[in-house]
Each structure stands twice: as C-alpha cells, then as structure tokens.
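J.: what's the 3D shape of this:
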Amino acid sequence: MNPQPDGQVRSDGCVLDELMSPYGSLSEARTRLVMRDNWASRWTAAWQINGSEVVWPVRDLGSVPVLSSTPVRGFTWRTKQQHRPGLEFLVSTGRKHGFESLEERAALLALDFMTVIEVLPQPFALTFEHVDGHAGHIPDFLAVMGDGGRLRLALLGDHRLALARPLGSGRAVGSTAADDGPAGLPAGSS
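T.: Residues are numbered from 1 along each chain as shown. Down below sits the predicted model:
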C-alpha cells in the first residue's frame, strides 16, 4: 500500500490485509474455547438451503453449496433505532446488499474493490463450545472471491474487522497452524 503525502490511500492500491485492523485481544477468548478431541466434528454450522436448515460440522464447511444458501437471519430497519442499516450497491455482484451498520457498509465497499463475485449476509449460524457451555455466532458476511476462495467476515462495533477467515481452511488470515480454530469468538457472542 502506498499512502499519498496527505495520508490517503488509493482504493485500487490496497488489499484486504491492509484495510483491516485485526482484533488484538483474542488470547483470553481463545482460552475459553473448548478445542480438544475433534472439536471440528462437534462444532456445527447451520445453513438455510432450499428453504430447509442443513447442519454441517465445521470440518466440512468447504463442501457447503454456499451459492444455494439464503441468510439464516434477516434484518429490518425502522425510525429511531440506534444503528445505521441500509443497502449498498456492489458493482462486483450487480445488485444491492444489506448492511446493519456503517462498519458493515465499509466492509462491503472494500469487498467491491476485490475480486468478489458474491457476498452473502448472515450466511450460517455457528454453534461452538466454551468453558461455560455452548454458544452461537452468526457472521456478518461470507464473501465468495473470484478465485473460488471464501472469506467469513464478522465486524466489531468499534470499527474493527474481527474475523477474516478462509472458509473451510481452519486458519485466519495471517495466522499459523498453531492458531487453527474459530479465532476470538467470545463466549455467548452472536
């Protein structure tokens, strides 16, 4: 990335790793996750496919027919609500995509400058185990890239990208094999 003298960055000169601010305090959250004894077989992701809920263990997420899925949760907007939902047109997909916050809108804009061919909102419901029991999380977006890769994105309310993980690979962007597992999902998050 080559910033201009005034600190601006040309949108055609940056990549996802340069646009995201990784969530920094994951070590405590990771210690709360139960990731032993075939966790990838026990943790599940529920998808809506052809009008029915279909559940896969996370170890098999690479085989999910994502383009046949629909959101597991919808969203609405009304006057006087606290967040800023709306619709953002993406040139890459040729249609509008819903967002629930200004941070999600910015993520959609960044994805439009990448080789994205599809963006799916609230793609699946992850169920995982932590030291206090079980919890769930629904990622904000699943981006299908032009090269066939898939990225799962979850955004934090404080303007940071919390997760950017190739779907089915078990590794976060920029992680190592020692980091395998759903990074940083706090207990009870959704």
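J.: switch to C-alpha atoms for all contacts and neighbour counts from now on
T.: OK.
J.: so where's the longest helix in the protein?
T.: The residue-count maximum for a helix in the chain (DSSP state H) belongs to helix 102-112.
J.: Point out where the chain drops to low pLDDT.
T.: Applying pLDDT under 70 to the chain flags the ranges 1-27, 155-190.
J.: Quick one: residues contacting residue 91.
T.: residue 112 (C-alpha atoms under 8 Å, 6 or more residues apart in numbering).
J.: how about it, phi and psi?
T.: phi -60, psi -40 (degrees, to the nearest 10).
J.: Check the gap between it and residue 148 for me.
T.: Distance from residue 91 to residue 148, counting by C-alpha to C-alpha, to the nearest Å: 18 Å.
J.: all helices of the protein, in order?
T.: 16-19, 26-32, 39-42, 102-112.
J.: and the ones you listed as a markdown table, adding mean neighbour count and distance to residue 61?
T.: A markdown table is the format used below for the helices of the chain (neighbours: other C-alpha atoms under 10 Å; distance: least, C-alpha to C-alpha, whole Å):
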| stretch | mean neighbour count | distance to residue 61 |
| --- | --- | --- |
| helix 16-19 | 12 | 22 |
| helix 26-32 | 14 | 21 |
| helix 39-42 | 16 | 10 |
| helix 102-112 | 19 | 21 |
